[in-house]
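>>> sequence and predicted structure below; questions after.
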There are 4 protein chains.
Amino acid sequence: MTNKLRFLTAGESHGKGLMGILEGIPSGLPLSSEDIDKELKRRQMGYGRGGRMKIESDHAEIISGVRWGKTIGSPISLLIENRDWKNWQEGMSSDEKYAGSIPPVTRPRPGHADLAGALKYGHKDIRNILERSSARETAMRVAVGAVAKKFLSEFGINIGSYVIQIGNVKISNFKFQISNFKEIFKKTEESSVRCPDEDASKKMVELIDTAAKKGDTLGGVFEVFATGLPVGLGSHIQWDKRLDGRLSQALMGIQAIKGVEIGTGFEMAERFGSEVMDEIFYSSQQSAISGQQSGFYRKTNHAGGIEGGMTNGMPIVIRAAMKPIPTLRKPLRSVDIITKEPFEAAYERSDTCAVPAAAVIGEAMTAIVVADAFLEKFGGDSIEETKRNFNSYIEYLKQF
Amino acid sequence: MTNKLRFLTAGESHGKGLMGILEGIPSGLPLSSEDIDKELKRRQMGYGRGGRMKIESDHAEIISGVRWGKTIGSPISLLIENRDWKNWQEGMSSDEKYAGSIPPVTRPRPGHADLAGALKYGHKDIRNILERSSARETAMRVAVGAVAKKFLSEFGINIGSYVIQIGNVKISNFKFQISNFKEIFKKTEESSVRCPDEDASKKMVELIDTAAKKGDTLGGVFEVFATGLPVGLGSHIQWDKRLDGRLSQALMGIQAIKGVEIGTGFEMAERFGSEVMDEIFYSSQQSAISGQQSGFYRKTNHAGGIEGGMTNGMPIVIRAAMKPIPTLRKPLRSVDIITKEPFEAAYERSDTCAVPAAAVIGEAMTAIVVADAFLEKFGGDSIEETKRNFNSYIEYLKQF
Amino acid sequence: MTNKLRFLTAGESHGKGLMGILEGIPSGLPLSSEDIDKELKRRQMGYGRGGRMKIESDHAEIISGVRWGKTIGSPISLLIENRDWKNWQEGMSSDEKYAGSIPPVTRPRPGHADLAGALKYGHKDIRNILERSSARETAMRVAVGAVAKKFLSEFGINIGSYVIQIGNVKISNFKFQISNFKEIFKKTEESSVRCPDEDASKKMVELIDTAAKKGDTLGGVFEVFATGLPVGLGSHIQWDKRLDGRLSQALMGIQAIKGVEIGTGFEMAERFGSEVMDEIFYSSQQSAISGQQSGFYRKTNHAGGIEGGMTNGMPIVIRAAMKPIPTLRKPLRSVDIITKEPFEAAYERSDTCAVPAAAVIGEAMTAIVVADAFLEKFGGDSIEETKRNFNSYIEYLKQF
Amino acid sequence: MTNKLRFLTAGESHGKGLMGILEGIPSGLPLSSEDIDKELKRRQMGYGRGGRMKIESDHAEIISGVRWGKTIGSPISLLIENRDWKNWQEGMSSDEKYAGSIPPVTRPRPGHADLAGALKYGHKDIRNILERSSARETAMRVAVGAVAKKFLSEFGINIGSYVIQIGNVKISNFKFQISNFKEIFKKTEESSVRCPDEDASKKMVELIDTAAKKGDTLGGVFEVFATGLPVGLGSHIQWDKRLDGRLSQALMGIQAIKGVEIGTGFEMAERFGSEVMDEIFYSSQQSAISGQQSGFYRKTNHAGGIEGGMTNGMPIVIRAAMKPIPTLRKPLRSVDIITKEPFEAAYERSDTCAVPAAAVIGEAMTAIVVADAFLEKFGGDSIEETKRNFNSYIEYLKQF
């Protein structure tokens, strides 16, 4: 992030709700709760989730920054109330008088923030950590990302995602291309695991069932893509201006993500240079295929849309690996932080797989980073101004 | 980065030199040019480099921030002069009178910042982009990282790296463990490709020779590790405080890096949850194996030292995939930005493989991010103060 | 600000409410709504306010970051509902369907953000600007500042303020000194204009009455002080680390503030150097008078507690000049932004003077900046850790 | 600052030199060493300076970011060598072997960073503080500011300053107005104390002579103005986006500045609201007087060009109060930090007054802040792009 957009989120998993403030969106952007709730719903779906998803059905209340259906330039603030707050009013109260109303959590779960957080922040009740480290927090990231998406859509930029792997089941028939992204979009939304390949989709569901039966959990890999990007977002001039780095932070900073790759990624490391460079072509007609605004275009996209830390006009393609959910019914060994006694952690209720949801969160974080880089380049305090600036750049590209 | 440490670098590949300013290092840290030059030398080595590395032998001149062998708290500024500046005094002069003294570069190389940069910044001479996007810039990152390393070493934190893959040759006999990291350190420094596995090392050299003969290039994968870390660097409380995200940006932001993974990374996505969580144990004696300061310890390190965006006391293990060098002797198709005529780009002089150097740069960036998170937690304006704070935390951990 | 503390506020004057997120306060700080509401109430008092203050009686709801009376380390989020939202539900709705339900504001008021904001953000309805630029927003700054104050109080740091001038009536009998700050505190809270000098206080009230009768408005000057500060907050090493600059931004960034001075301020410019330097003394007993932690102390405080951009152990003393409220019953000439016709702006309802409230806001902003600099120096993720670090520094100072 | 421009400076007063890196200036800006040296020279002049100014004659070497007379978009780095480095090579060496080659400074000067800095950073040799806290550092700020000025001049924005008070001598015949700013510019540059009023100028020189004879020092007040600004730089939407606050930090963050006011400033606090608001007028011809781009204009400028934290199209007028130089020949009492013995500090060589130089530094800091806000609004990676965006906004303003 470069401070052109700024956002902070707050809120505990079983607290009153999640809050978010996003600053820097120009005035005049059409925006409604529905725009946001639509994305929140996408996050809540996906085969392999436990019971909680059903009770939640998140709704983002727009507290500020939007009037009569349009942003006004002031900070956009959002509130997502937790639907089961009524059951936690005492246990999660800010009021001292409820201290001790529910027993402390003293058993850290491997793979979570529990132990490191308790030690860092000096807590003897791990609930004080897990309430914030929970992936529940990502609902607000998705809400903020929905605003970023809406902003980008004004400029013809679309961001989508799909699941390419759950456990050891990998997609085989599909590969993102500029020509098939609408099909991918459609098929993904129809799949319960957000995978556009029907065969793989079916096998993923089966694997989830198998894991659920064993009380085990699964991770996977999803791919986020962004189309319609102008050339030149991000920069090579300083390490922290590079868009690949900024995207990488945004994706790796999602709970449970342990790997990120752009374009051909790790596979590129195995290949020869002559095999993986995206050669440059030119057509005096603006290329319909590439969507690039200048006449220059590529036939391949090994780079995943980014060269030298900048968008090169091709779609951004970025993949993230999610580890299996660390809360499982199968017992894991751990140690009580008070008694120091070992125990075996087993959890009755748990999701089996959350990769489809993670893909939606990945879209949100990608949208935020891209919108930030976009505003960094084009400036503007109203959508009209940003559009004037954007359009004059596109015109310049055509003349280059 | 959290602004506790701030740094900016500047400088063009064939300009007068590279400059860097690092702010936020406490006073009283022993520091010399030798500390920095040692790391610069490590960056310059590695089998597979072309001719330039030989002429360079970088030296960082400390311009400010250090007096009589110790930092004084003011910004540390460094200057690495370019040894072949004499040949570029006119071509890269800041003076208008030399305009046109060398012909413009109008042929963008696929895989580089060349085309995107020229379009973004409005240049008809691509030299104005490639001079800054060049990996030459990373020399200053290594210099800044050397200071961060020196700082961390005061607290028993060591950062190293080794190459685990070049092209399709992968290391097989070595895996980073806390018990073998000193051996890895040693063997790596002895290997011309910075690979501690002698067999793999040999095959890597052969593959580089083969590629060189064909005029082709290679990428690979390196692993960076950090040992001796206290539990609790980074935080789960906000997406951009997470250490995994910050490390990921730092590594992905290195030229030619296209993938980053932490701990078991992408492999984790294939496995069941029950297989990849690092179970928690406790010993009333401080664990010699884990190096953790509290009695809690792990026997495995799938998480790569980070849970919930925080260090968990285990070593950080992070891998990065580097694409093959995009400048090759084998021709690649491209288009002249002036004439719009296609041409085949072929370069007489080129490195074949730079993965060993990239690993050293990865160490530097890791050191900077870790030092930043360290100072964020422990504060302090002098090494003595930071040490008092650090030691009292370690003492607290023991009592937890 | 240095990013150690981060906060964003949001909310419109007649919207649903004000939101704020504050990140970076360590865990374990006792905090309740009452701590915040107490400060909100202080902001709402003061002779010279119009009707709105009476209906409001602000209450900050803690949405997150506090559990059972203590901070838990996660972001603290606050919501202050607007009590008259029911009257504005349509006029300020985020929903498009209420568009046009109240007439647009097209008449910019001189002295406000109205015209510049409408031009910058492209609004034809000035309400889209004035709703955010209104001083109503400062309620959230005071709420956030209340948390910062509570944090600082754990370390014996107190922040107060008093009014020293309203219009041309100036305080004459009081001058802040370390020896009288408790008396100032007490007398100020008893005065309806927050002025500890009873004579001046009375004259200020009279002047406000006079101005009100004429339909005119008044500004004034207030002084903020902070006591109990350790030496060494802020730094000389970079322009934006200097505490005086950071405080200055925080105070000048309050609505209607047009001047800021530290210590003797502008008066210093008239005097000789030999008259205004705070000479340095030493006592082996910790000085009771100065409150300084080392044996070094001063007998004067021309510097207002800051030398070289750092606290020097003396109280911070900072003054801010507030312009008269620009919305007045007396007509001011302006131009309709749609018709371009001139008109005379006159407002039925208006405050006459808001300097007492501004002083409270000044305290809040001072507290936030000081807390930020404090955490920058001492670090720590729990109050216990920050205290350990702070105490060991105080101990070191004694030994210096 | 908003991170659109970033800069860091480094360097000690008697070290090798001063370094600076400025990032974020678009490509294509004409820039030469002369542009910078011209400003450095202005900083070095002014009646009342001691001997050092004569030996220095600063020159900024452009190390990077400029090629053939134009910026290329990469970070601009500058080096100002210290001319008397040869005398300090050992005393200020970074090399440990020269440790102790000059005696430590153990006597803190009241009014300087000396004591607070030594305590904060743990130094027993105050030279480690005073070398960086020295106003010598401002040479680099002036150099960076010269680049910002050059950038702004491309858009018709000019920044100037003049001294309005030295000690108790105040300017009486001149007041900044848009109609006389060129005259002020000219007369100021001719005056040895940078005061456009010849009478006052003469008296200021006399006062400096008197003070010098007594071994005393003087401060004063200077005014910085910026003309040609578009309406809408800065913003009301968040406390730290307000341009008045940002300017205030920039000026208060200059060594020895103790007060800042904008427009009528502190005087405004004494007046009635009806007297100090800048009424709004409209003319269908673009107003020649105001220089505002829309038809709206003002006849007065009490606000100093900023309303609601934004430029309103009138010139920015900002004043800063400088305290007298704290190093004087007249003795001041202080205490040795080692022996704790009191002593009387008297300095043989000292400047008597540095207000004219401070005014030039004030211009530089103003230019940097304005350029940052300008780029924040208009974006652009090349001057051409920024101009396109700027011009289309001006066109829009005319149509508003």
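Arrived safely, thanks for sending. Remember, predicted model here, so these are calculated numbers, not experimental data. Residues are numbered from 1 along each chain as shown, chains lettered A, B, ... in the order given.
>>> relative to residue A:88, how far out is the residue of the stretch 251-400 of chain A found nearest chain D?
In the stretch 251-400 of chain A, the residue that lies nearest chain D is residue A:379 (2.9 Å; CB to the nearest CB). Every C-beta, even on glycine, is put in place using the N, C-alpha and C of the backbone. Noted for residue A:379: a distance of 44 Å to residue A:88, by CB to CB, to the nearest Å.
>>> more neighbours: the two, which one.
Taking neighbours as other CB atoms under 10 Å in any protein chain shown, residue A:379 and residue A:88 compare with residue A:379 leading, 26 against 18.
>>> give me the phi and psi for the more buried one.
When read as degrees, to the nearest 10, the backbone of residue A:379 gives phi 60, psi -160.
>>> dump the residue contacts of it.
A:385, A:386, A:389, D:375, D:376, D:377, D:378, D:379, D:380, D:389 (CB atoms under 8 Å, 6 or more residues apart in numbering or on different chains).
>>> distance of it relative to chain C?
For residue A:379, the distance to chain C (CB to the nearest CB, to the nearest Å) stands at 12 Å.
>>> leaving out chain neighbours, which residue sits closest to that residue?
Computed as CB to CB, 6 or more residues apart in numbering or on different chains, the closest residue to residue A:379 that is not its neighbour in sequence is residue D:379, at 2.9 Å.
>>> what distance do you get for that neighbour to chain B?
Here the criterion is CB to the nearest CB. By it, residue D:379 lies 12 Å from chain B.
>>> mind checking pLDDT for that residue?
Looking at residue D:379, its pLDDT reads 98.
>>> how about residue A:306?
Note for residue A:306: predicted pLDDT of 98.
>>> neighbours of the closest residue to it other than its chain neighbours, how many?
What sits nearest to residue A:306 in space, not counting adjacent residues and going by CB to CB, 6+ apart, is residue A:244, at 4.9 Å. Counted with other CB under 10 Å, the neighbours of residue A:244 add up to 29.
>>> let me know the helix or strand that residue A:244 is in.
Assigned by DSSP states H and E, residue A:244 belongs to helix A:243-252.
>>> now swap in residue A:362 and tell me
Assigned by DSSP H and E, residue A:362 falls in helix A:355-378.
>>> could you check the angle that helix makes with helix A:243-252?
Orientation check (axes from the mean of the first three to the mean of the last three CA atoms, to 10 degrees): helix A:355-378 against helix A:243-252 gives 150 degrees.
>>> run the chain-centre distance for helix A:355-378.
Helix A:355-378 sits 7 Å away from the centroid of its parent chain (CA atoms, centre = their mean, to the nearest Å).
>>> in it, what's buried?
A:355-378 (16 or more other CB atoms under 10 Å in any protein chain shown).
>>> may I have it as CSV, with CA atoms only?
The C-alpha coordinates for helix A:355-378 follow below in CSV (Å, rounded to 0.1, in the frame of the first residue of the first chain):
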residue,chain,number,x,y,z
VAL,A,355,-10.3,-22.7,0.0
PRO,A,356,-13.3,-21.4,-2.0
ALA,A,357,-13.8,-18.7,0.6
ALA,A,358,-10.1,-17.9,0.6
ALA,A,359,-10.3,-17.3,-3.1
VAL,A,360,-12.9,-14.7,-2.6
ILE,A,361,-10.7,-13.0,0.0
GLY,A,362,-7.8,-13.2,-2.4
GLU,A,363,-9.9,-11.3,-4.9
ALA,A,364,-10.7,-8.6,-2.3
MET,A,365,-7.1,-8.1,-1.3
THR,A,366,-6.0,-8.0,-5.0
ALA,A,367,-8.7,-5.4,-5.7
ILE,A,368,-7.5,-3.2,-2.9
VAL,A,369,-3.9,-3.3,-4.0
VAL,A,370,-4.7,-2.7,-7.6
ALA,A,371,-7.1,0.2,-6.8
ASP,A,372,-4.3,1.7,-4.6
ALA,A,373,-1.8,1.5,-7.4
PHE,A,374,-4.4,2.8,-9.9
LEU,A,375,-5.1,5.9,-7.8
GLU,A,376,-1.4,6.4,-7.2
LYS,A,377,-0.9,6.7,-11.0
PHE,A,378,-4.1,8.5,-11.9
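>>> same for that helix, what does it pack against?
With contacts defined as 3 or more CB pairs under 8 Å, 6 or more residues apart in numbering or on different chains; DSSP states H and E, the packing partners of helix A:355-378 are helix A:33-44, helix A:138-153, strand A:158-166, strand A:220-227, helix A:243-252, strand A:316-322, helix A:383-399.
>>> for residue A:90, grab the count of nearby residues.
Residue A:90: 14 neighbours (other CB under 10 Å).
>>> over to residue A:331?
Residue A:331 is flanked by 14 other residues according to other CB under 10 Å.
>>> that one and chain C, how far apart?
Residue A:331 is 28 Å from chain C, by CB to the nearest CB.
>>> quick check: residues of the stretch 51-200 of chain A near chain D?
A:73, A:74, A:75 (CB under 8 Å from any CB of the partner chain).
>>> wait, the second one sits on residue D:308?
Right, residue A:74. No - Residue A:74 is not in contact with residue D:308 according to CB atoms under 8 Å; the separation is 11.9 Å.
>>> list the contacts of the residue lying closest to residue A:386 once chain neighbours are set aside.
The shortest distance from residue A:386 to any non-neighbouring residue, by CB to CB, 6+ apart, is to residue A:380 (3.2 Å). By CB under 8 Å, 6+ apart, the contact set of residue A:380 is A:26, A:386, A:387, A:388, A:389, D:377, D:379, D:389.
>>> in terms of contact, does residue A:263 touch residue A:306 like I think?
Yes - using CB under 8 Å, residue A:263 is in contact with residue A:306, at 7.3 Å.
>>> residues near the residue in the stretch 51-200 of chain A positioned nearest to chain D, how many?
Nearest residue of the stretch 51-200 of chain A to chain D: residue A:74, at 4.8 Å (CB to the nearest CB). Applying other CB under 10 Å, we find 30 residues neighbouring residue A:74.
>>> need phi/psi at it.
Reported as degrees, to the nearest 10, the phi and psi values for residue A:74 are phi -80, psi 170.
>>> ok, so what distance separates it from residue C:62?
23 Å.
>>> what's the answer for residue A:90, then?
Distance from residue A:90 to residue C:62, by CB to CB: 15 Å.
>>> residue A:147 too?
From residue A:147 to residue C:62 the distance is 25 Å (CB to CB).
>>> so between the two, which is more surrounded?
Counted by other CB under 10 Å, residue A:147 and residue C:62 do not tie: residue A:147 has more neighbours, with 30 against 24.
>>> got the contact list for the more buried one?
Contacts for residue A:147 were tallied using CB under 8 Å, 6+ apart; they are A:22, A:25, A:29, A:31, A:35, A:36, A:76.
>>> what pLDDT does the model give residue A:289?
pLDDT, residue A:289: 46.
>>> and which of the contacts of residue A:147 is nearest chain B?
When the contacts of residue A:147 are ranked by distance to chain B (CB to the nearest CB), residue A:22 comes first, at 12.7 Å.
>>> give me the beta-bridge partners of the closest one?
Taking DSSP bridges, one finds residue A:7, residue A:76 as the beta-bridge partners of residue A:22.
>>> spit out the contact partners of it.
By CB under 8 Å, 6+ apart, the contact set of residue A:22 is A:5, A:6, A:7, A:65, A:75, A:76, A:77, A:78, A:144, A:147, A:148.
>>> any stretches of the stretch 51-200 of chain A with poor pLDDT?
Low-confidence segments of the stretch 51-200 of chain A (pLDDT under 70): A:51-56.
>>> I figured residue A:4 hits residue D:4, correct?
Yes - here residue A:4 reaches residue D:4: they are 7.3 Å apart, a contact under CB under 8 Å.
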